[in-house]
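A.B. asks: Starting from these lines, generate the structure:
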Amino acid sequence: MTVSVLCGGVGAARLLAGLVRAVPPTEVVAVVNTADDMVLHGLAISPDLDTVVYTVAGAIDPERGWGLRDESWQAMATLERYGGATWFGLGDRDLGTHLYRTQRIAEGAPLSTVSGEIARAWGLQLAVLPVTDDPVRTRLTLADADGSPGEEVAFQDYFVARRHEVPVASVRFAGAETASPAPGVLAALATADTVIVAPSNPIVSIGPVLAVPGIREAVAARRDSVVAVSPIVGGRALKGPADRLLRELGHDDSVAGVARLYAPFAGTLVIDHADAEHADAVRAAGLRCVVTDTIMRDPDAASALCKVVLGQ
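C.D. replies: Residues are numbered from 1 along each chain as shown. Predicted structure coming up:
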């Protein structure tokens, strides 16, 4: 069975760690959000791509959910001494990944090539593809105290520097309209037996993936074999601001709201037992509904979830 997964952030990474236990990893393609990417200290940083690689490799820091375990922070300490920007923490070992990516891009290698090299260096057998090699960046317009649109900021400014504690008035994906899917992405979506929409933030993780021209159409064209896993459990996001972003942007912050967002391109929504009372609302939105345990406490639980998603 071949499986392609639309990915962004920690939820997708944990799902992939279980998926490679449920099916042969060589049959898995991760199509990863790149709109969180940025250049900092002159380095090309791809947080979602790295979180996927580190998690599936078993190297992720389990407490933070990002970066490498057993990390040291000497570079950040030195940068702080100089008065440099330390709001975005980069561990010493993690810096090696960004140095390599920056070097290879400067040599002319596209992000998709470099991502494959990094994944293979960690011993991964699944394909890790950025959704595009072109620059796409999530930009959020913050809401002023009276609810009117205010300052526009970059994603990491919102998510890390401001700890996603500020209300949002709108979101756009700068550069998406002129981007092209990375090599292999459309073929992976067209030929997979199943396409999974990972339990990632619908607005700022899945949204920018679908904003790249051709991606939404490719997924919608095979809607009946697209299975989405809800990132909302018991009416809340387990991690991050998905519930608040849904609410702030005028959507229902429940599995029913997720269902209505995903109905144009997904045929099935998998929800947690905690949301079983909303199964009829999911079906009313036009999706099949599967109720199971969606909390991925460890790779075994993630694998069990993936087997349900795949109907095994």
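A.B. asks: Spit out the contact partners of the most centrally placed residue in the chain.
C.D. replies: The residue lying closest to the centre of the chain (Cα atoms, centre = their mean) is residue 8, at 0.4 Å. Neighbour list for residue 8: 32-33, 36, 48, 198, 200-201, 204-206, 208-209 [criterion: Cβ atoms under 8 Å, 6 or more residues apart in numbering]. From N, CA and C alone the C-beta is placed, and that goes for glycine too.
A.B. asks: can we see that at 10 Å?
C.D. replies: 31-36, 47-48, 51-52, 131, 197-202, 204-209, 231 (Cβ atoms under 10 Å, 6 or more residues apart in numbering).
A.B. asks: which residue ranges form the strands in the stretch 201-312 of the chain?
C.D. replies: 226-229, 232-233, 236-237, 268-272, 288-292 (DSSP state E, counting those that start in this stretch).
A.B. asks: Burial check on residue 183, number of neighbours?
C.D. replies: Neighbour count of residue 183, defined by other Cβ atoms under 10 Å: 12.
A.B. asks: from the contacts of residue 8, which ones fall inside helices?
C.D. replies: 47-48, 51-52, 207-209 (DSSP state H).
A.B. asks: Residue 126: which of these is nearest?
C.D. replies: residue 52 (8.9 Å; Cβ to Cβ).
A.B. asks: So the residue nearest to the closest one when sequence neighbours are not counted versus residue 269, what's the distance?
C.D. replies: Closest residue to residue 52 apart from its sequence neighbours, by Cβ to Cβ, 6 or more residues apart in numbering: residue 13 at 4.8 Å. From residue 13 over to residue 269 the distance is 20 Å, taken as Cβ to Cβ, to the nearest Å.
A.B. asks: mind listing the strands for the stretch 51-200 of the chain?
C.D. replies: Using DSSP E, counting those that start in this stretch, the strands of the stretch 51-200 of the chain run over 127-130, 137-143, 149-154, 168-174, 194-197.
A.B. asks: partners of the second one, with directions?
C.D. replies: It stands for strand 137-143. Looking at strand 137-143 with DSSP bridges, its partner strands are strand 149-154 (antiparallel), strand 168-174 (antiparallel).
A.B. asks: Ok, the first one next?
C.D. replies: According to DSSP bridges, the neighbouring strands of strand 127-130, each with its direction, are strand 28-32 (parallel).
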